[in-house]
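# need a 3D model of the sequence below.
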Amino acid sequence: MEPPKLPVGPFTQDTDLLARKEEFIAAIEAVPQDLRAAVRGLSDPQLDTLYKNWTLRQIVHHLADSHLNSFMRFRLALTETNPTIKPYDEGLWSQLADSKTGSVELSLSLLEGLHGRWGILLRSMDTKDFSRTFYHPEAKKEMSLAYALGNYAWHGRHHTGQILWRREQEGWS
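Here you go, the predicted model:
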């Protein structure tokens, strides 16, 4: 069976993302334990199984790469006026040796510390902080931290959902 493109559905931009702030923050805080549970007990050959064009291992490392970048974007937007962020080529990053062969434990540990700090930062922000923006040069638009919060809450669920879908399809309990 062909893996679904969006196993948890698409990210939907509510008209009032801040109304769901607590839900999104909790989702971001939950990413490390949810991801750890999704890969628990998988062997190296299982982790090297494809979900579309990336292995499960690459997906775990991608989450660490992506969320580390997002955390930095939040910090920049909170300390600068509409900073231009640095995009990166996630496809090329996924082809680097650490993403293709590195132990998933490295990224799981990184995500635990990163999301712990990110949760503290998010919970310290007031409503006006979430209206701060950064400029994304590839998208050619300003993005608010409220939008980024919702998007990254979805992003963690999305990639964890990919791993869980593959586990289910393969019968890996």
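# all strands of this structure, in order?
Applying DSSP state E to the chain gives strands spanning 50-51, 54-55, 133-136, 141-144.
# got a list of what Ala38 touches?
Counting by C-beta atoms under 8 Å, 6 or more residues apart in numbering, Ala38 touches 160, 163-164, 167. No exception for glycine: its C-beta is placed from N, CA and C like everyone else's.
# not counting its neighbours along the chain, what's nearest it?
Using C-beta to C-beta, 6 or more residues apart in numbering and skipping the chain neighbours, the partner closest in space to Ala38 is Ile163 (4.3 Å).
# what about that neighbour, neighbour count?
Close neighbours of Ile163, defined as other C-beta atoms under 10 Å, add up to 26.
# helices along this protein, start to end?
Assigned by DSSP state H, the helices in the chain fall at 21-39, 44-47, 56-79, 90-94, 97-101, 104-124, 145-170.
# of all those helices, which one comes closest to Pro137?
Proximity to Pro137 (C-beta to C-beta) singles out helix 56-79 among the helices of the chain, at 12.3 Å.
# what residues of the closest one count as buried?
Neighbour counts over helix 56-79 (16 or more other C-beta atoms under 10 Å) mark 56-67, 69-71, 73-74, 76-77 as buried.
# same thing with stretch 24-42?
Per 16+ other C-beta under 10 Å, stretch 24-42 contains these buried residues: 24-25, 27-32, 34-36, 38-39, 42.
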